[in-house]
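Engineer: Attaching a predicted model along with its sequence, questions to come.
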Amino acid sequence: MSLFNVFNIAGSALNAQSVRLNTTASNMANANSASSSTGETYRAREPVFQPLLADDPFNPTGGAEVGVKVAGIVESQAPLRHEYQPGNPLADAEGYVYLPNVNVVEEMANMISASRSYQTNIEVMDASKRMLQQTLSLGQ
C-alpha cells in the first residue's frame, strides 16, 4: 500500500464521520418534536458503516478502494416515548402525546466521538502530508 492510499482511507473516514455528525444533529434537532400518533413521530436515525478491504470479494469497487463507506442510515427500533398531556392540541383521543426515541445524552456522546474521530483523521492526513514533503526534500 502506498502512502497516497492513506489519504483515500482518511478521506473516506472523514466522509463517514460527517454523515454521523449530520444524523446526530438531526436527531438532536427533533428530540422534542411531539406528534399525535406513532406513525408520525420522528424516530432516531443511525448511520451504518461498512469497511472496504482490498482483498474483500464483496467490495463494491472490486478491491480498488480501501477505507470505510456509509452502507445506509437506519431508524432506531427503540420504543417511542409517550406522555399524558390531555391539554396538548397534539394529544390523541386518550390524551397521550408521542415523542421521539432520541436519547439526548447518548446523542451528545455520539457527537463528541464523531468529532474526535474526524479530528484524528485530519491529523492522519496532515502527518502523511508532512512525511511526503520530507520524502520529496530528501532528493534536494
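Structural biologist: Done, it's in. Numbers count the residues shown, from 1 in each chain.
Engineer: buried set for the one helix or strand Ser115 maps to?
Structural biologist: In this structure, Ser115 sits in helix 104-138 according to DSSP states H and E. Going by neighbour count (16 or more other C-beta atoms under 10 Å), the buried part of helix 104-138 is 107, 110-111, 114, 117-118, 121, 124-125, 128. For glycine as for every other residue, the C-beta is placed from the backbone atoms N, C-alpha and C.
Engineer: pLDDT check: weakest of these?
Structural biologist: Within the buried residues of helix 104-138, pLDDT reaches its minimum at Ser128, with 90.
Engineer: From Val74, how far off is that residue?
Structural biologist: Look at Ser128 and Val74: by C-beta to C-beta, to the nearest Å, they are 33 Å apart.
Engineer: before we move on, what about Ala34?
Structural biologist: Going from Ala34 to Val74 by C-beta to C-beta gives 23 Å.
Engineer: Compare those two and say which is more crowded by neighbours.
Structural biologist: Neighbour tally, Ala34 and Val74, criterion other C-beta atoms under 10 Å: the higher count belongs to Ala34, 19 against 13.
Engineer: Assign the nearest residue to that one once chain neighbours are set aside to helix, strand or coil.
Structural biologist: Nearest residue to Ala34 in three dimensions, chain neighbours excluded: Val97, at 4.7 Å (C-beta to C-beta, 6 or more residues apart in numbering). When classified by DSSP: H, G, I helix; E, B strand; the rest coil, Val97 comes out as strand.
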